[in-house]
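Student: Turn this into a model:
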Amino acid sequence: MVLDELDFAELYRQQMQQAGRSTKAPERWDARAEKMAEVCANPQDPYLLQLQQKMSLQGASTLLDMGCGPGSVCLNLAASLTQVYGVDYSRGMLEVAGRRAQGLGLHNVTLINKSWEDDWSDIPECDLAVASRSTLVADLRQALIKLNNKARLRIYTTHTVATSFVDVAVQRAIGRPVVELPNYIFAVNILYQLGINPKVDYIRGPNCQNKTDTFEQFSESVSWSLGALDDVEQQRLFDFYQQKRRLGETIVPPSRDWALVYWDKTTTL
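Tutor: Model prediction:
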């Protein structure tokens, strides 16, 4: 089959459906906003440091951070830019981002409550558009087009390299079929079919689900990604956890690889 005959945007949607992946309600993210700020927004976080090192701010004075969460990217770059815009569909995340901006003495941060699917006509066009760890959306093609069209200079997106947020061994241990999600390859191929040849680089960051000091922490992180566990699954997960502890083995991988897919704005799609 010729590559151009494959509809990667449709294949992405089919993979999301097969994985049973649905968009989490904003209220679920609201409840995790404070924790996300602690885990994923630290300026010294290895993931954020690597991302910022790989981004070019040359010629840029404004930035759009889509799926900004607690301001992980936009707040860390605000001091180097004239104006930054953080966009998220979780009001709780934006409230935390606002408090963090105030605490940092930043006065050039505008926070906007919108989702990927909303009308973006009132979101300002910026020199740079970023979507960091926020690209597992229902319609990736449309999301990439929206980012491209809001940028004047460059677009940066990060996507998972692995096809699952939860280690395969954990999914098998609790007796669930392995759920494989679409990874960065889909973004590369969708952009190619849009006439864009992106660059790809890689970031190795800490696994945000590596809180395993107690079984309760471990169980919470697994349930967050896979959904509520029934009693049988909970027992199997506990047995898995205890066995790993007895053997002195790592319970979950300590790091997670991300693909940085980025390109220069050339045309409005």
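Student: Every contact and neighbour count from this point should use C-alpha atoms.
Tutor: Noted.
Student: now residue 84: how far from residue 269?
Tutor: 23 Å (C-alpha to C-alpha, to the nearest Å).
Student: Confirm residue 58 sits in a helix?
Tutor: No. Using DSSP: H, G, I helix; E, B strand; the rest coil, the assignment for residue 58 is coil, not a helix.
Student: Could you report the neighbour count for it?
Tutor: 8 (other C-alpha atoms under 10 Å).
Student: Model confidence score at it, please.
Tutor: As predicted, residue 58 sits at a pLDDT of 98.
Student: circling back: of residue 84 and residue 269, who's got more company?
Tutor: A direct count of neighbours by other C-alpha under 10 Å for residue 84 and residue 269 places residue 84 higher, at 27 against 11.
Student: and whichever strand or helix holds that one, which strands flank it?
Tutor: Residue 84 belongs to strand 83-88 when assigned by DSSP states H and E. When pairing is defined by DSSP bridges, strand 83-88 lines up against strand 62-66 (parallel), strand 109-113 (parallel).
Student: With mean neighbour count and mean pLDDT as extra columns, can I get those strands in JSON lines?
Tutor: Below are these laid out as JSON lines (neighbours: other C-alpha atoms under 10 Å; pLDDT from 0 to 100):
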{"stretch": "strand 62-66", "mean neighbour count": "27", "mean pLDDT": "98"}
{"stretch": "strand 109-113", "mean neighbour count": "18", "mean pLDDT": "98"}
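Student: out of these, nearest to residue 54?
Tutor: strand 62-66 (15.3 Å; C-alpha to C-alpha).
Student: Next secondary structure after that closest one?
Tutor: Per DSSP H and E, strand 62-66 leads on to helix 74-77 as the next helix or strand towards the C-terminus.
Student: ok, now which ones touch residue 187?
Tutor: Taking C-alpha atoms under 8 Å, 6 or more residues apart in numbering, we find residue 187 in contact with 140-141, 261.
Student: for this structure, what spans make up the helices?
Tutor: 8-18, 26-40, 46-54, 74-77, 91-103, 140-150, 168-173, 184-193, 215-226, 231-247 (DSSP state H).
Student: Can I get the last one as CSV, trimmed to CA atoms?
Tutor: I take that to be helix 231-247. Extracted in CSV, the C-alpha atoms of helix 231-247 (Å, rounded to 0.1, in the frame of the first residue of the first chain):
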residue,chain,number,x,y,z
ASP,A,231,-11.8,-5.8,44.1
VAL,A,232,-10.1,-8.6,42.2
GLU,A,233,-8.0,-6.2,40.2
GLN,A,234,-7.1,-4.3,43.4
GLN,A,235,-5.9,-7.5,45.1
ARG,A,236,-3.9,-8.5,42.0
LEU,A,237,-2.3,-5.1,42.0
PHE,A,238,-1.5,-5.4,45.7
ASP,A,239,0.1,-8.9,45.1
PHE,A,240,2.2,-7.4,42.2
TYR,A,241,3.3,-4.5,44.4
GLN,A,242,4.3,-6.8,47.3
GLN,A,243,6.2,-9.2,45.1
LYS,A,244,8.2,-6.4,43.6
ARG,A,245,9.0,-5.1,47.0
ARG,A,246,10.1,-8.5,48.3
LEU,A,247,12.4,-9.0,45.3
